[in-house]
Each structure stands twice: as C-alpha cells, then as structure tokens.
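**Student:** below are the sequence and a predicted model; questions follow.
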Amino acid sequence: MNPHETVGARYAIVLALCATGCGVTADQTAPGDTDAPEVVWREGPRLPQPITNNTVAAIEIDGEISVFSFLGLDSTKVWSGVTNAAYRWDVGVDQWAAIDPVPGPGRLAATAQVVDGRIYVIGGYTVAEDGGERSLPDVAIYDPSSDAWSRGADIPVPTDDAASGVWQGEEIALVSGWHDTGNITDVQFYNPASDSWQAGSPIPGRPVFGHTGAIVGDQVVYIDGAAIVETRPRFVIDTASWVGRLRADDLTDVSWALISPHPGPPLYRAASGTIGDYAIFVGGTDNPYNYSGIGYDGVPSEPIRQILTYAPELDLWGELPPLPVATMDHRNVGLAGGQAFVAGGMLKGQIVSDHVWVAEVSRLIGSR
C-alpha cells in the first residue's frame, strides 16, 4: 500500500468508527424521531423565532465564542416573511439576543464568511409581493466587537444561492449561483483588506444555484445544485461534484476538475463548512424548490438526514454522525473555537425550525 492509500484508509476507518460509536445521546429529538441513534450533537438555545434560509456564522474573540444568524424567512413561508433580522448567541448564556438588522431589505440565499474578526454577509435576493425577485450586490460587514455594520464594495455580478468559502483567511470566493434571471458560471473573489473584487476562471460545468461548497486548503469544492433545463419542471438537480485548485501566485487562475460522486442522494441547499482537511455538507434535499419548501415539480421537498465529508487531497468521501433531525434550506455551518453550529432551517413537512444544534468538532470527527 502506498502512502496515499495508507492515509486514505486511516481516514476512512476513523470516519466509520465515528459514525458508529463516538456519539452521545442528544438533548432532544424531533417528534417522530424516537429511533434516532446516538449522536454527538446537542441542542443549544432556540432561535428567537423559527427561521429558514438564514446564513449562519460563528466567531471566537478573546476565547469567547459567538454565533450569529442573519436574514432568512419566517414560518409563514411567504414573500412578506423574508426578513433582515439578525441574532447573536454568546455561547455560555442561555438565550439569543437580537442585534441591529442587516442593512438593506430582507433577503434570502445570502452567504456569510468570517475574515479577520469580521463577518461578511454577501449577496442574496429580495422577493416582492408580485413574486418578482432581484439579486443584490450587497456586502454587509458586521464587527462583533463594536456591534456595528459597514458596507463593502458591491459584488460585480450580483449573486445569490452561490457556494462560498474563505481562502487562506484572506479571500472570500463566490462560485456560480443565480443572478436575476438565470444561473451564472462566474467565480468571484472578494478581498476584505483591499475591499475589492476580481474574477476567477468560470466553472466549466453547468451553472447551478443552491449548490453547496467550501474551500479546503488551496482547493474549492462544490457539489450538486439546481440547473436550468428546457423541459418541465424548469429546474432539476445536477449531480456533478467539482474541485478547483487555487494558485497563490494567481488566484484568478482556477484549475477545475470533476471529482468522484459523493455517497447518497444529490443535495440542494445543504449547510457547508470546512473542518481541517475536509469540507462538510449537512442535510439538504434532493428536490429543488424556491423558498416555500414545495419543489419546482409540485412535490413537497423533504430533508435528508446525513453529514458528508470530502477530503480533496485524497479524493475521499466519508460520513459523520448526522443531526438528530433531518433538515434542509441552509446556507452555512458556523465553525469557531472547536465547535460546529447549525441553526434554523426547514424540517420534515416543510416546518420552519428554531432548533440550534452544537457539536464539539473533536467528538464529531474523532481523533486522527
């Protein structure tokens, strides 16, 4: 066995062991989930209101961890329920607190990433009473230390439902997504230090929205999402998984390649993040929808109870202990201080959730 195979085998064994025996019973499971196996996730304080399609971020400052929920849709699941509300939970206290809302209108399908102690809430789309939707170029910057918002440079191509990640703690990437009337192949990089954008090599595959992605080391990974087709329904889920290698000397030159298919069904609007050497993909559904939870095919979308991992250097897929409930309609996993956070989303039956789930990363992934 060569060294590459040895590392891959060890990684697969760790994931298998963790999936079957590194958990503890969750504090609470959803009704009807009484047969849920032991898991590493515990329930944190509930959100102030049920909220879905919110973007989540976590940050550690001076040893204290705070988790944030921005934007999203309330339990009405109609256009007027789209909100710009923002909430903060300082881990260790027993409830969330409302903070100043995200500047601008309420919106869906934004992304949030943390760079140098600030949270960047990027893009998203608004919904009008007549059903009209508009992709926004907004970059709203939140400083948790001063509890203040500021504005960054607009996205050159306003985008929502994009995959995103942070490269080397310096650059935020937006990959594909939706712009006003259709999917785009654009890859856009934002540098918070210079407050500037630059374009990267476009994706070679079908443009998608609601796909899920992360950056691991010098590689950006994304999977699935909804593509436009000529037949009915207009949008169908794509089943391709891609990796793009980033170059430090020229970040705009991205080398894209297909990767091995992931286990399980294709995913739409799963939560994503980066833990160490791999990306994680939490929940999602295999039936794309707009925002009500009813698929474009008229069939109610149902969440998937799983957590996938992908190690780009090994081209290796794995699974981790899932949440106690199946969930979908997410944007990000919050990661800070060795803890992972999933907040809000949509449960079975298209129920908008106020659940907050917390896991110690070391218990989630096991020791390697």
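**Tutor:** All right, it came through fine.
**Student:** mind checking the SS state of residue 80?
**Tutor:** Of the three states, residue 80 takes helix under DSSP: H, G, I helix; E, B strand; the rest coil.
**Student:** so it sits right up against residue 128, yeah?
**Tutor:** No - contact status for residue 80 versus residue 128: not in contact, 10.1 Å apart, counting by C-beta atoms under 8 Å. Every residue, glycine included, has its C-beta placed from N, CA and C.
**Student:** from the chain's centre, how far out is stretch 334-347? Work that out for me.
**Tutor:** Computed by C-alpha atoms, centre = their mean, to the nearest Å, the chain-centroid distance of stretch 334-347 equals 10 Å.
**Student:** identify each buried residue in that stretch, please.
**Tutor:** Neighbour-count burial for stretch 334-347 flags 334, 335, 336, 339, 340, 341, 342, 343, 344, 345, 346, 347 (criterion: 16 or more other C-beta atoms under 10 Å).
**Student:** got it, and stretch 164-171?
**Tutor:** Of the residues in stretch 164-171, 164, 165, 166, 167, 171 count as buried by neighbour count, 16+ other C-beta under 10 Å.
**Student:** tell me the one among those nearest to residue 328.
**Tutor:** The closest of the buried residues of stretch 164-171 to residue 328 turns out to be residue 164 (C-beta to C-beta; 18.1 Å).
**Student:** now do the same contact list for the closest residue in space to that closest one that isn't next to it in sequence.
**Tutor:** Distance criterion C-beta to C-beta, 6 or more residues apart in numbering; nearest residue to residue 164, sequence neighbours excluded, is residue 111 at 4.2 Å. Neighbouring residues of residue 111 by C-beta atoms under 8 Å, 6 or more residues apart in numbering: 55, 121, 122, 123, 162, 164, 174, 331, 332.
**Student:** what about stretch 49-64, average pLDDT?
**Tutor:** When pLDDT is averaged along stretch 49-64, the result is 97.
**Student:** buried residues, it. List them.
**Tutor:** 49, 50, 51, 52, 53, 54, 55, 56, 57, 58, 59, 60.
**Student:** before we move on, what about stretch 190-205?
**Tutor:** By 16+ other C-beta under 10 Å, the buried positions in stretch 190-205 come out as 190, 191, 192, 197, 200, 201, 202, 203, 205.
**Student:** three-state assignment of the first one?
**Tutor:** Assigned by three-state DSSP, the conformation of residue 190 is strand.
**Student:** what pairs with it across the strands?
**Tutor:** Beta bridges link residue 190 to residue 172, residue 197 when assigned by DSSP bridges.
**Student:** how close does it sit to residue 110?
**Tutor:** 13 Å (C-beta to C-beta, to the nearest Å).
**Student:** which neighbours do those two share?
**Tutor:** residue 122.
**Student:** any idea which helix or strand carries residue 364?
**Tutor:** Assessed by DSSP states H and E, residue 364 sits inside helix 361-365.
**Student:** who are the packing partners of that helix?
**Tutor:** helix 3-21, strand 271-275, strand 339-343 (3 or more C-beta pairs under 8 Å, 6 or more residues apart in numbering; DSSP states H and E).
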